[in-house]
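Colleague: For reference, the sequence and a predicted model appear below.
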Amino acid sequence: QVQLVESGGGLVQAGGSLRLSCAASGRAIGNYNIAWFRQAPGKERVFVAVISWNGGTTVYADSVKGRYTISRDNAKNTVYLQANTLQPDDTGVYYCATGVTWPPPGNVNGYSNWGQGTQVTVSS
């Protein structure tokens, strides 16, 4: 069983940047695709980005293309999400999770081993 822990969230002004981390323990993540999702208050958890098991392929939601970059370091058992040019609509709790299918699902049902999330708040 893989345990995931997100970190790096915080309060930032619009236009700012954050680097989120998803650290794994219990099992190596090298065999898993890893996805990030965002959940705003009162809304469903939505897909943000996913990276394939070897880091060779990435997929982004249209809303973050060109602003976010997902990467991974399997030696450190960690996945990152660099979020630039943040906007108030990016506010929410960011979660990471493991996936095993490709093409990657775009909804929560295709993922497991969810972390507890890290809060990102972007002020205008």
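Modeller: The structure has been received and is ready for your questions.
Colleague: Tell me what the spatially most central residue of the chain is bridged to.
Modeller: By CA atoms, centre = their mean, the chain has its centre lying nearest to Trp36, at 2.3 Å. Beta-bridge partners recorded for Trp36 (DSSP bridges): Ala49, Cys96.
Colleague: I'd say Phe37 and Val46 touch.
Modeller: Yes. Contact criterion CB atoms under 8 Å: Phe37 and Val46 qualify, at 6.2 Å. In short, each C-beta sits where N, CA and C put it, glycine included.
Colleague: which one of these two has more residues nearby?
Modeller: Under the criterion of other CB atoms under 10 Å, the comparison of Phe37 against Val46 puts Phe37 first, with 24 against 15.
Colleague: separation between the more buried one and Gly15?
Modeller: 23 Å (CB to CB, to the nearest Å).
Colleague: could you dump stretch 91-104 to CSV, C-alpha only?
Modeller: Extracted in CSV, the C-alpha atoms of stretch 91-104 (Å, rounded to 0.1, in the frame of the first residue of the first chain):
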residue,chain,number,x,y,z
THR,A,91,-7.9,28.1,-5.0
GLY,A,92,-8.7,24.8,-3.4
VAL,A,93,-7.3,21.7,-1.7
TYR,A,94,-4.8,19.9,-4.0
TYR,A,95,-4.7,16.1,-3.8
CYS,A,96,-2.4,13.6,-5.4
ALA,A,97,-3.3,10.0,-6.1
THR,A,98,-2.0,6.9,-7.9
GLY,A,99,-3.2,5.5,-11.2
VAL,A,100,-2.5,2.4,-13.2
THR,A,101,-4.2,2.9,-16.6
TRP,A,102,-3.3,4.9,-19.7
PRO,A,103,-4.8,6.9,-21.3
PRO,A,104,-5.3,8.4,-17.8
